[in-house]
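K.L.:
Mind looking at a prediction? Sequence and model below.
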Amino acid sequence: MYYIYIATGAALLLSFVVSREKTFQALRIAYRRLAKILPAFLVMLVLVSIVLFLVPESLISTYLGGNNRYVGVLIGAVLGSVVLMPGFIAYPLCGILLQKGVAYMVLSAFSTTLMMVGVLTYPVEKAYLGTKVTVIRNLISFAIALLVALATGLFFGEVF
């Protein structure tokens, strides 16, 4: 992680040397964007933390991290398809769930369907793309998410 900080600092210093004005302008834009998303990020992080505190670890382990990982993958994929959550909230949540013992392939199914499948966004998508295209896109995305989860399980040795 320190390499990323060092590379970012070096790039910022190089940018400062090349053009002070553009660097300060970019920093102002970055600050405004951070200030814009920070309240939502903090609220979601607090809410996720409260929910994870209130939900017993045994419940999480039973449904998502139990012995039958394939059931956990399906539950994670369905939850990811239904829940509407931005990526900057979903990935820290996956890190917390990983610490609670949830398998990588379950987290992969959850996060992939979260980004690719949109049950709650169906009405908006239907208005722009039509019913047939929306349903086909969501079904293909769901299937791809399951394949990604299987590949993740193979990579981490969780399948067999």
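P.N.:
Perfect, thanks for sending it. Numbering: from 1, shown residues only.
K.L.:
ok now the lengthiest helix in the chain, how far from the chain's centre?
P.N.:
Identified as the longest helix of the chain according to DSSP state H is helix 20-54. Chain-centre distance of helix 20-54: 16 Å, with C-alpha atoms, centre = their mean, to the nearest Å.
K.L.:
just stretch 121-141 next, same as before
P.N.:
21 Å.
K.L.:
on contacts alone, who are the packing partners of the longest helix of the chain?
P.N.:
On a contact count with 3 or more C-beta pairs under 8 Å, 6 or more residues apart in numbering; DSSP states H and E, helix 20-54 meets helix 2-18, helix 87-99. C-beta: built from backbone N, CA, C; applies to glycine.
K.L.:
The shortest one: which residues count as buried?
P.N.:
Just to be clear, that refers to helix 87-99. Going by neighbour count (16 or more other C-beta atoms under 10 Å), the buried part of helix 87-99 is 89-90, 93-94, 97.
K.L.:
farthest pair in those?
P.N.:
Greatest spacing in the buried residues of helix 87-99, by C-beta to C-beta: Ile89 and Leu97 (12.5 Å).
K.L.:
Nearest to Lys126, out of the helices and strands packed on helix 20-54?
P.N.:
So among the helices and strands packed on helix 20-54, helix 87-99 is nearest, using C-beta to C-beta, at 23.2 Å.
K.L.:
what sits up against that closest one?
P.N.:
The contact list for helix 87-99 (C-beta atoms under 8 Å, 6 or more residues apart in numbering) reads 37, 41, 44-45, 48-49, 52, 60, 64, 85, 104, 106-107, 110-111, 114-115.
K.L.:
Counting neighbours, what do you get for Ala11?
P.N.:
10 (other C-beta atoms under 10 Å).
K.L.:
Check what pLDDT the residue most central in space within the chain gets.
P.N.:
For the chain, Ala90 is the residue whose C-alpha lies nearest the centre (C-alpha atoms, centre = their mean; 3.5 Å). Here the pLDDT value assigned to Ala90 is 82.
K.L.:
quick one: it from Gly76, how far?
P.N.:
Taking C-beta to C-beta, to the nearest Å as the measure, Ala90 falls 12 Å from Gly76.
K.L.:
Common neighbours of the two, please.
P.N.:
Phe110.
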